[in-house]
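# sequence-free structure coming up:
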């Protein structure tokens, strides 16, 4: 899964450097297949306690020549090159660009700590944020500097940029760019691979 998630970036002509944040033991002693591909264009670093801390560790290892930053979840192995291109193009315009899919389900908010529905959320205008998320390097740097240790409370980079008043725009993604988090997701992934 990790290799499939890395490959669209390491093979992309507009991606100069890829940094992968991993649990410390795997960053220091990666599996043989990963150690073989690590090198000048692919760097491995120990991740952090939260997503934001892992992204921060990867950001610190990024080559200084990189002017745009793309952040991608290793748990999303089906990103398309067209989406990567669109995110890069939009981020190159000075905004945070987020791959996203419009919400098609009816969304319910429950009362905290219960399963009781408190309200039905109007879904028009709601999107599911995905990755990659891209932005100018200095925009992400500023977010980390201004938010300090509070970065850990944010679940994606777009939220960091929103928190400092930066512009965030959506890029329409394909619904097959799923995040693999539970056993059913892996069944769906198998069907995507076979099609």
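That came through, no problem. Owing to the predicted nature of the structure, the values given are computational and were not obtained by experimental measurement. Numbering: from 1, shown residues only.
# so what's the gap between the longest strand along the chain and the chain middle?
Ranked by residue count and defined by DSSP state E, the top strand of the chain is strand 127-136. Mean-position distance between strand 127-136 and its chain equals 6 Å (Cα atoms, centre = their mean, to the nearest Å).
# same thing with stretch 174-185?
14 Å.
# name the residues of it that come out as buried.
177, 178, 180 (16 or more other Cβ atoms under 10 Å). For glycine as for every other residue, the C-beta is placed from the backbone atoms N, C-alpha and C.
# ok so, going back, what residues of the following helix or strand past the longest strand of the chain count as buried?
For strand 127-136, the following helix or strand on the C-terminal side (DSSP states H and E) is helix 137-147. Neighbour-count burial for helix 137-147 flags 137, 139, 140, 143, 144, 147 (criterion: 16+ other Cβ under 10 Å).
# farthest-apart pair in those residues, please.
By the measure Cβ to Cβ, 137 and 147 form the most distant pair in the buried residues of helix 137-147, at 16.1 Å.
# tell me the strands beside the longest strand of the chain, with direction?
strand 68-71 (antiparallel), strand 96-102 (antiparallel) (DSSP bridges).
# can I get these in TSV including mean neighbour count, distance to residue 29 and mean pLDDT?
Below are the strands paired with strand 127-136 laid out as TSV (neighbours: other Cβ atoms under 10 Å; distance: least, Cβ to Cβ, whole Å; pLDDT from 0 to 100):
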stretch	mean neighbour count	distance to residue 29	mean pLDDT
strand 68-71	22	25	97
strand 96-102	23	32	97
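# save these as TSV, and put in distance to residue 154 too.
Formatted as TSV, the strands paired with strand 127-136 follow (distance: least, Cβ to Cβ, whole Å):
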stretch	distance to residue 154
strand 68-71	12
strand 96-102	12
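# dump the residue contacts of residue 127.
Taking Cβ atoms under 8 Å, 6 or more residues apart in numbering, we find residue 127 in contact with 100, 101, 102, 103, 170.
# could you check how far the third one is from residue 167?
Put plainly, it is residue 102. 20 Å (Cβ to Cβ, to the nearest Å).
# what sits against residue 140?
59, 69, 157, 160, 161.
# out of these, which are inside helices?
The helices, defined by DSSP state H, take in 59, 157, 160, 161 from the contacts of residue 140.
# please compute how far stretch 120-131 lies from its chain's middle.
With Cα atoms, centre = their mean, you get 17 Å for stretch 120-131.
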